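Enquirer: please work out how this folds:
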Amino acid sequence: MNRLLSLCAISLLLSSCLSDPASESSGTDAAPISNPRYASEETAALCDSLARPLQVFTVDNTRDTLLVAENGTLVLIPAGVFVSKDGEAVNQVQIQLTEAYSLFDMLANGLSTVSENSVLQTDGMVYLNAQSVAGENVAIAADKQVYLEMPSMGDQRDMAQFQGVFSEKGDLNWTRRTPFANTLVTVPLNELNFYPEGFSPDPAKEFAAMPAVATNIYCGVSDELVKSMYDKLFAGTYVATREFEQRMPFIHGTCDEGILRIYLENVSGELWKADSLAYALLLKQNNSKPEIFKKFMDQRKSNVATGPVSNYAAFVNRVFADKAKKEQYQAADAVFSNPVAVSNLGWINCDRYLSDVGAVPVSLQLAVVGLPVGANVAAFLVFGSERALLPLIKDGSGFYLGARERSMKMPPGKSVSVVVIGRKEDALFLGVKPLVLQSEQDISVSVGQMTVEQVRGALSAFGPPVKQPLPNSRKSCCYVLGANEADDQFK
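Expert: Numbers count the residues shown, from 1 in each chain. Sure, this is the predicted structure:
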């Protein structure tokens, strides 16, 4: 169910994202649409044996479609969103998708996290492309968008959407920073479940407890208060959103009705402010459940969007009218995700700028030892805990850091790793060297020949993606039953 929860946060992005010029082309002589997965043919030759195969889905472009990718990315495709290079509608397309949520998958795809000369801290990347049945790339129509829910790997504060652009030299630059929308979209109240786990509604919305609740209290939260939330007075407020439904299991988990009353008494305000009040009260009470409310607060969800219904909101409403699609959302369960509105196919990244008050210009020169002459090679500086990847630029004498100044601002004393991947014909080479950053460094890394499996094993320290565990707030709630009806499974 929780997969539906943060979808409604995208609505303000709809007018802020740029259109792909290729999608606006007209005429029979329009240039082919380019959405490369790799920066260059050399990068493709180097990475293709390491990277995971493309995920491919066949989609009817005349109908709304929902896709769930292997690592949990949810793709929402409105009907008629794709057009040919000439701007003509296409009936069927193949969606090509790659997820890069681990540093390993980013390295395997030759990716980095740099915007101009600034370091980015990533929360995950996705490559999205679409082709016609003839194998030609198609584009997103100028007045439409595709929507993604990208699972969050950690702290979501200040995260924004970036678009990947490859230069003629093959350098990747993340551009078009678009903050995530924080407004909410309402859904019908009778589609929401505000009751705790172990309790389910019947078709008439008369909630039946399992087992029967003699006291009509759910560990401190009264049944009557929960039922009151279905009153039409709450329609059009943040109570009638998936984001608020997302919070309800954790509100029940606090065993404190006062937390729920905070949200209901502040319903005319912003949701994140109610989150902050709940967090502060739980801290004051030394309650064991405040962490999840801080994560909610850090999302900075505001209130219900006003004005004309957006394309995204209309899509959400169509989803709720389709039982199969709604169940597909519910099966893809992720409490926290980044909402992305896509106008341009290619690489999409969720990032924030990596800032450190102690950062100074750092220059690094790298020599690679053991690589055969003529080998294709790429080198990276990897920040494991910060989830950042910097490309080392190749020149005649080796590699250096920074595209222009040959230096970048970074915190000295930081533990990082230098990773060198090489290939000549069918032979793969790898070198990994731990390093503590200094203001000026000249280093060398020795590489050795390995099989694909050995390279993947050696890089296993950089993956798979690990989501931050949620506080155990849902199943620890002590449901208050009748005098002799306590059931240990609910404690």
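
Enquirer: in the chain, spot the strand with the most residues.
Expert: Longest strand in the chain by number of residues, with DSSP state E as the criterion: strand 118-132.

Enquirer: helices or strands up against it?
Expert: Judged by 3 or more CB pairs under 8 Å, 6 or more residues apart in numbering; DSSP states H and E, strand 118-132 is in contact with strand 92-100, strand 146-151, strand 337-342, strand 346-353, strand 388-395, strand 408-410. For the C-beta atoms, the positions are set from N, CA and C on the backbone; glycine is no exception.

Enquirer: measure the residue most central in space within the chain to Ala359 for me?
Expert: Among the residues of the chain, the one closest to the centroid is Met150, at 2.7 Å (CA atoms, centre = their mean). Distance of Met150 to Ala359, computed by CB to CB, to the nearest Å: 27 Å.

Enquirer: show me the helices in the stretch 1-150 of the chain, by range?
Expert: Using DSSP state H, counting those that start in this stretch, the helices found in the stretch 1-150 of the chain span residues 41-47, 103-108.

Enquirer: so Gly457 is in which element?
Expert: If you go by DSSP states H and E, Gly457 is part of helix 452-458.

Enquirer: can you list contacts of that helix?
Expert: By CB atoms under 8 Å, 6 or more residues apart in numbering, the list of residues contacting helix 452-458 from outside reads 49-50, 104, 421, 428, 430, 432, 450.

Enquirer: and the longest strand of the chain, what's buried?
Expert: Neighbour-count burial for strand 118-132, counted by 16 or more other CB atoms under 10 Å, picks out 119-132.

Enquirer: do stretch 163-176 as well
Expert: The neighbour-count check on stretch 163-176 (16+ other CB under 10 Å) flags 163-164, 166, 170, 172-174, 176 as buried.

Enquirer: follow-up on the earlier one: is it true that the residue nearest to the centre of the chain touches Thr122?
Expert: No. Under the criterion of CB atoms under 8 Å, Met150 makes no contact with Thr122, lying 10.6 Å away.

Enquirer: now the longest strand of the chain, how far from the centre of its chain.
Expert: Distance of strand 118-132 from the chain centroid (CA atoms, centre = their mean, to the nearest Å) equals 10 Å.

Enquirer: circling back: deepest-packed of the helices of the stretch 1-150 of the chain, please.
Expert: Ranked by mean neighbour count, the helices of the stretch 1-150 of the chain are led by helix 103-108 with a mean of 24 (mean count of other CB atoms under 10 Å).

Enquirer: mind listing residues that contact that one?
Expert: Contact with helix 103-108 is made by 47, 50-52, 98-100, 112-113, 122, 125, 380, 382, 384, 387, 389, 419, 421, 456, 459-460, 462-465, as judged by CB under 8 Å, 6+ apart.

Enquirer: the longest helix belonging to the chain: how far from the chain's middle?
Expert: Counting residues, the longest helix found in the chain (DSSP state H) is helix 271-284. Its chain's C-alpha centre and that of helix 271-284 lie 25 Å apart, by CA atoms, centre = their mean.

Enquirer: tally of neighbours for the spatially closest residue to the residue nearest to the centre of the chain that is not a sequence neighbour?
Expert: Closest residue to Met150 apart from its sequence neighbours, by CB to CB, 6 or more residues apart in numbering: Asn338 at 4.6 Å. Neighbourhood size, Asn338 [other CB atoms under 10 Å]: 27.

Enquirer: got a list of what Asn338 touches?
Expert: With CB under 8 Å, 6+ apart, Asn338 has these contacts: 123-124, 149-152, 156, 159, 161, 180, 350.

Enquirer: with those in mind, which one is nearest to Tyr312?
Expert: Nearest to Tyr312 among these: Glu149, at 11.7 Å, using CB to CB.

Enquirer: tell me the pLDDT of that closest one.
Expert: pLDDT for Glu149: 86.

Enquirer: quick check: it touching Phe336?
Expert: No. When contacts are counted by CB under 8 Å, Glu149 is not listed as touching Phe336 (10.0 Å).

Enquirer: which stretches of the stretch 201-350 of the chain have low pLDDT?
Expert: Along the stretch 201-350 of the chain, segments meeting pLDDT under 70 span 201-219, 307-310, 320, 329-335.

Enquirer: sorry, that was for the stretch 51-200 of the chain
Expert: Along the stretch 51-200 of the chain, segments meeting pLDDT under 70 span 154, 198-200.

Enquirer: which residues in it form strands?
Expert: For the stretch 51-200 of the chain, the strands defined by DSSP state E, counting those that start in this stretch cover 55-60, 65-68, 74-77, 82-83, 92-100, 114-115, 118-132, 139-140, 146-151, 160-166, 172-179, 199-201.

Enquirer: repeat for the stretch 251-400 of the chain
Expert: Assigned by DSSP E, counting those that start in this stretch, the strands in the stretch 251-400 of the chain fall at 337-342, 346-353, 360-369, 376-383, 388-395, 398-401.
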